[in-house]
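# quick one, fold the following:
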Amino acid sequence: MSRKHEAQRGGRWAETLAAWRLRLAGYRVVARNFRSPVGEIDLVVRRGRVLAFVEVKRRGLLADAAEAIRPAQQARIRNAASAFLARHPELATLDLRFDAVLVPPGRLPQHLPDAWRDSGLWTR
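Numbers count the residues shown, from 1 in each chain. All right, here's what the predicted structure looks like:
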């Protein structure tokens with residue numbers, strides 16, 4: 001198995017664990033692996049009036065996973081979130097946020113609600 005294929009398989013497994021973790025916390029998965037020309041979102045989840053765009057990171061250490069969500073990637077996720085809301089305008093009135101789920105090997109996934117803020121997209 002190639003290194004790339006192995007990484008993709010590990011990423012899919014991490015997303016499955018993250019979805020499981022969020023479901024246990026009362027979230028409903030609205031979309032998985034949403035792709036648009038401007039970016040992608042691993043998970044879109046909803047709980048009550050909150051709609052969260054979730055980035056899943058699988059790394060050996062939690063700190064490495066958290067640091068892997070850099071400003072350029074945040075911008076791509078923000079752009080993909082705008083594309084998602086354009087396709088699903090009925091969800092745009094919810095409280096929107098960006099979350100992360102960090103998945104270290106051999107440990108339970110850690111959910112970070114409101115992992116970063118966007119200064120311009122969600123002005124209401």
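# what strand or helix carries the closest residue to residue 41 other than its chain neighbours?
Residue nearest to residue 41 in three dimensions, not counting chain neighbours: residue 34, with 4.5 Å by CB to CB, 6 or more residues apart in numbering. Bear in mind the C-beta positions are built from the backbone N, C-alpha and C, glycine included. According to DSSP states H and E, residue 34 maps onto strand 28-36.
# check which helices and strands the next helix or strand after that strand sits against.
Going down the chain from strand 28-36, the next helix or strand is strand 39-47, by DSSP H and E. Applying 3 or more CB pairs under 8 Å, 6 or more residues apart in numbering; DSSP states H and E, we find strand 39-47 packed against helix 3-24, strand 28-36, strand 50-58, helix 71-87.
# residue nearest the centroid of the protein?
For the chain, the residue nearest the mean C-alpha position is residue 54 (1.7 Å; CA atoms, centre = their mean).
# give me the spatial nearest neighbour of it, chain neighbours excluded.
Per CB to CB, 6+ apart, closest to residue 54 is residue 43, 4.0 Å.
# residue contacts, the residue nearest to residue 41?
40-41, 44, 80, 84 (CB atoms under 8 Å, 6 or more residues apart in numbering).
# returning to what we had before: so the strand holding residue 34 versus helix 3-24, what angle?
150 degrees (axes from the mean of the first three to the mean of the last three CA atoms, to 10 degrees).
# beta partners for the residue lying closest to residue 13 once chain neighbours are set aside?
Spatial nearest neighbour of residue 13, excluding adjacent residues (CB to CB, 6+ apart): residue 58 at 7.8 Å. Using DSSP bridges, the beta-bridge partners of residue 58 come out as residue 103.
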